[in-house]
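1. What follows is a predicted structure for the sequence shown.
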Amino acid sequence: MSTGAMVMERMSGAVNQLFEEAKPPHFLQMHKGDYDQAELDAFAAAHPEITSWLIEEMIGFDSAFLSWERSSSGESGDLSESLIDNLFVVQNEGFDFLLDEHGDIAHPGAGEIYVPVAYQQSFGLLESDTFRVRTDSGVQEFQIAGFVRDAQMASSLSSATRFLVSDADFQALTTAGGGTPEIIVEYRLGDPALGGALQTAYEANDRLPMNGQSVTFDIIRLVNIFSEGLVAIALMFMSALLIAIALLNVRFVIRGTLQDEVREIGALKAIGIPNRSIAGLYLSKYTLMTLLACAVGGVLATFASRALTAGVQANYAEAPVTAMTVIAPLLALLAVFALVIGIAWGVLRAVNRIEVVNALVHGSTLTEKQAARRARRGGRGVERSAFRRFRGGSVNLALARTDLRRGFGDWALIPVVFALAAVLVALPMSLLGTFQSPQFVSYLGAPTSDFRLDLQYSENVGKTYEEVTAAMAADGRFESVTGYANAVYEIEGESGWEVFRTEVGDYSGNTVSFSSGEAPGAGQIALSVLNAENLGVAVGDVITLRDGDDLVDVEVSGLYQDATAGGLTAKLAGDLPEDATGYVVYAQTGSGVDADALVDEYAAAYPDAKVYPMARYAEQTLAYVVDAFSAAAWISLALTLGVVALITYLYLSLRLARERGRNGVLSALGFSGDELAAGLQVKAISMIVLGVFVGLVATAIWGESLVSAALSATGFGITKLSFFPKHLLVHVLFPVLLTAAGAVAALIVSMRLRSNDTSAWLKG
């Protein structure tokens, strides 16, 4: 619990610190192509809420054109594995700074380059390595002077990243050819909350450059905190389940203690000590132990949180130490302490019901009425009942079955604990498997496919699209090829007609999964969940789009989930428009076809296109999420295995101590130590298997709904998640590990029955 609180505080502090130092824009518009500087000047002058603005010029190079070499060892490599856009820039003035590892504004000298931290981590780059950019005029070399933190493009969920070079080197790259020029128009506002309104005003002016993605400050912040924030939430969830397991044991242990020491309690009550004072004696012991546990947990949390936030510190900034750095984990520990002591005090109220005579004479915590009721229900003992119903087979197993049937309430702790443990293991691992699955692209606004090709914002984009699709259709290595156009319409909003971007094409075949409704047909449109929420529409509603002077009414056919483009996307059924701003092509390859080889071939043939295999695209897009969540999931597994083994050992040890007399009787009747040990193991493992099974079933029934609710609360565009778990791990290996952990603990405890003279237990 303390670790989750510290991760959340460190993550938030790191992102806030980076934002404070780097000053990212509150609204930005990316653009490829020509633009009118005067129109931008007029727009800024007409909006007094803008405190500063700039135009950042960039030159983009494909990853295959970028390479590196280490002079000390001769080791070398390239960045061709990266699928995101590589944008070379100079340092901005005023805001949106790229920072070095010390948090200072980086200023490369001539021949120097600052590389994104993400590439440092992915490719093992070091300072002083030689970095090369292949241009039309030859190869331009740089020396890596450091690594930059980028408040705007730090997350793997961003589709681009920035390299920092000097003014002179930027001009040389621009004139050398081989790169694609782009700009970002960026604005800082007096009130960041006005970013959405400024976006609306900007997109309503068709004279402004907007051939690219527009992003608000809220989206920048969301993509930066999503991965580590998800880990913090996961840790909190894991801790909640662990605390639930702990509280079950607290109740069991305290009730067992009261039973074991009932005669001492009766004596204290007999000499006149009040119930509250007796309960207080026990509570002081549990308070001391809980304080010690919280202290140890708090110390261990400092080390765990450092390991879990190492990536945060590297990618964002060194989070400053503030009062919340101490208060956040202390509040978490205080919550745990209060919960444990509250439960303990509630159980200790049983002291009030203990009657002196029953306690001293019978050694029972029951009142006379409770004892009489149990006597009427119980009648004969478990052993006698087992022997009466015995019809052959193993007497030992018959006795174990009867013991469980009659005393299930006493054994219920084990299946409940293992059920919670199974959820604790299966849920994070199912979610991790989902993030790693190629099918997760359906939550990135794309259909499940092997191959994707993007064409955007070039003069001859329509002609290139026709050439590419014709070549792919004639290529026998593709089983199916489907193309869509990116088109810009307008839709009426609160302040008039606003820009409305949509993807146009035929959605009758393989497309995204719909959370409600269905794929659009003629005269229909499908909206992302967040887009539908923003427009206030649902499936079956009709919206009006404007295309120039023409108004088009379309029905909302379905809603789908999309975590890209801020979650605000749409898919319109229809013929591809001639004035499309870009195209995207999805294709399925034939059996045995190497998709990576096809990507390389088509990328070389069509340099204006961005080509990638969808499996690797999804993997890189979610790289930070997967890496961070993977660490949390494996920590959860290790903790859970340790916890269930410990609880099983303690529980069975306690039962063994309480059943000394019963086992002594069975030993005197002729049961060997091996038979008694086997009976204990059968009962323990039966309860363990039952608990694991119930936990897996509960995860299958309610797990997706629980995770979907958590993701929906983030506002990230995913409201209903379907798991794509690795079944061999989640449903075979991990249940076996849980069962084995409990079985080993049971084996260790049962060894006492083999080695001890159990008949001697009759004496005391």
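-> All right, it came through fine.
2. Tell me how the chain divides into domains.
-> The chain breaks down by automatic domain parsing into domains covering 1-14+224-379, 15-223, 451-592.
3. which one of the ones you listed lies closest to Val692?
-> Closest approach to Val692 among the domains of the chain (C-beta to C-beta): domain 1-14+224-379, 13.8 Å. Quick note: C-beta positions are derived from backbone N, CA and C, even for glycine.
4. chain center to the closest one: distance?
-> In terms of C-alpha atoms, centre = their mean, to the nearest Å, the centre of domain 1-14+224-379 is set 27 Å apart from its chain centre.
5. quick thing: my sequence starts at 50, can you match it?
-> With 50 as the first residue, the last one maps to domain 50-63+273-428.
6. thinking Ser61 is in contact with Ile274, fair?
-> Yes: between Ser61 and Ile274 there is a contact under C-beta atoms under 8 Å: 7.1 Å.
7. The two: which is more packed in?
-> Ile274 (21 against 18; other C-beta atoms under 10 Å).
8. Leaving out the residues flanking it, which one is nearest to that one?
-> Val64 (5.5 Å; C-beta to C-beta, 6 or more residues apart in numbering).
9. same thing with Ser204?
-> The nearest residue in space to Ser204 (C-beta to C-beta, 6+ apart) is Val272, at 4.5 Å.
10. And Ile463, by the same measure?
-> Nearest to Ile463 is Met736, by C-beta to C-beta, 6+ apart, at 4.0 Å.
11. Was I right to think the one you found contacts Leu453?
-> Yes: with contacts counted by C-beta under 8 Å, Met736 reaches Leu453, the gap being 7.4 Å.
12. Quick check: neighbours shared by these two?
-> Residues touching both Met736 and Leu453 (C-beta atoms under 8 Å, 6 or more residues apart in numbering) are Trp460.
13. These two: which has the busier surroundings?
-> Shown here are Met736 and Leu453; by other C-beta under 10 Å, Met736 has more neighbours (24 against 17).
14. Please tell me how far that one sits from Leu701.
-> Applying C-beta to C-beta, to the nearest Å, the value for Met736 to Leu701 is 10 Å.
15. Tyr632 now?
-> Distance from Tyr632 to Leu701, by C-beta to C-beta: 66 Å.
16. Ok, Gly728 next?
-> From Gly728 to Leu701 the distance is 12 Å (C-beta to C-beta).
17. do the same with Asp267
-> Taken as C-beta to C-beta, the span from Asp267 to Leu701 is 53 Å.
18. Which one's more surrounded, those two?
-> Remark: of Asp267 and Leu701, Leu701 carries more neighbours, 23 against 16, as counted by other C-beta under 10 Å.
19. right, and that one touches Ala733 too?
-> Yes: counting by C-beta under 8 Å, Leu701 does reach Ala733; the two are 6.1 Å apart.
20. Check the contact lists of the two and give me the overlap.
-> Joint contacts of Leu701 and Ala733 (C-beta under 8 Å, 6+ apart) are Ala795.
21. In the sheet, which strands lie alongside whichever helix or strand Val197 is part of, parallel or antiparallel?
-> In this structure, Val197 sits in strand 187-199 according to DSSP states H and E. Using DSSP bridges, strand 187-199 pairs in its sheet with strand 147-148 (antiparallel), strand 161-165 (parallel), strand 179-184 (antiparallel).
22. Before we go further, the residue nearest to Ile463 is sitting in a helix, right?
-> Yes: judged by DSSP: H, G, I helix; E, B strand; the rest coil, Met736 forms part of a helix.
23. on that earlier part again, which one of the domains of the chain lies nearest to Thr788?
-> domain 50-63+273-428 (16.4 Å).
24. pLDDT averaged over the closest one - what is it?
-> Domain 50-63+273-428 carries an average pLDDT of 81.
25. Ok, stretch 196-213 next?
-> What stretch 196-213 shows for mean pLDDT is 84.
26. And stretch 253-262, by the same measure?
-> On average, the pLDDT along stretch 253-262 is 83.
27. Can you list phi and psi of Pro74 for me?
-> phi -70, psi 160 (degrees, to the nearest 10).
28. Quick check: buried residues in the longest strand seen in the chain?
-> Identified as the longest strand of the chain according to DSSP state E is strand 527-542. Neighbour counts over strand 527-542 (16 or more other C-beta atoms under 10 Å) mark 527, 530-540 as buried.
29. After it, which helix or strand is next? Please name it.
-> Next element after strand 527-542 (DSSP H and E): strand 545-554.
30. what residue ranges in the stretch 550-699 of the chain score low on pLDDT?
-> 614-615, 673, 677 (pLDDT under 70).
31. circling back to that earlier point, redo the strands paired with strand 187-199 as a markdown table? Include distance to Ser757, mean neighbour count and mean pLDDT.
-> Shown next, in a markdown table, are the strands paired with strand 187-199 (distance: least, C-beta to C-beta, whole Å; neighbours: other C-beta atoms under 10 Å; pLDDT from 0 to 100):
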| stretch | distance to Ser757 | mean neighbour count | mean pLDDT |
| --- | --- | --- | --- |
| strand 147-148 | 36 | 24 | 93 |
| strand 161-165 | 33 | 24 | 94 |
| strand 179-184 | 43 | 19 | 93 |
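32. now for these, which one comes closest to Ile750?
-> Closest among those, using C-beta to C-beta: strand 161-165, at 42.7 Å.
33. and of the domains of the chain, who's closest to Gly752?
-> domain 50-63+273-428 (11.1 Å).
34. hang on, the earlier thing: does the residue nearest to Ile274 really touch Ile269, like I thought?
-> No: assessed by C-beta under 8 Å, Val64 is found out of contact with Ile269, at 9.8 Å.
35. quick revisit: next SSE downstream of the strand holding Val197?
-> Following strand 187-199 in sequence, per DSSP H and E, is strand 209-214.
36. Would you mark the buried spots in stretch 645-659?
-> Buried-residue list, stretch 645-659, by 16+ other C-beta under 10 Å: 647-648, 651-652, 655, 657-659.
37. Show me which pair in those residues is furthest apart.
-> Once C-beta to C-beta is applied, the buried residues of stretch 645-659 give Leu647 and Asp657 as the farthest pair, at 17.3 Å.
38. now stretch 202-220: how far from the chain's centre is it?
-> 27 Å.
39. What is the end-to-end distance of that stretch?
-> Its first and final residues considered, stretch 202-220 spans 23 Å by C-alpha to C-alpha, to the nearest Å.
40. Name the residues of it that are buried.
-> 202-215, 218-219.
41. now swap in stretch 159-176 and tell me
-> For stretch 159-176, by 16+ other C-beta under 10 Å, it's 161-170, 172, 174.
42. From the buried residues of strand 527-542, pick the one nearest Leu340.
-> Lowest distance from Leu340 to these (C-beta to C-beta) belongs to Ile540, with 59.6 Å.
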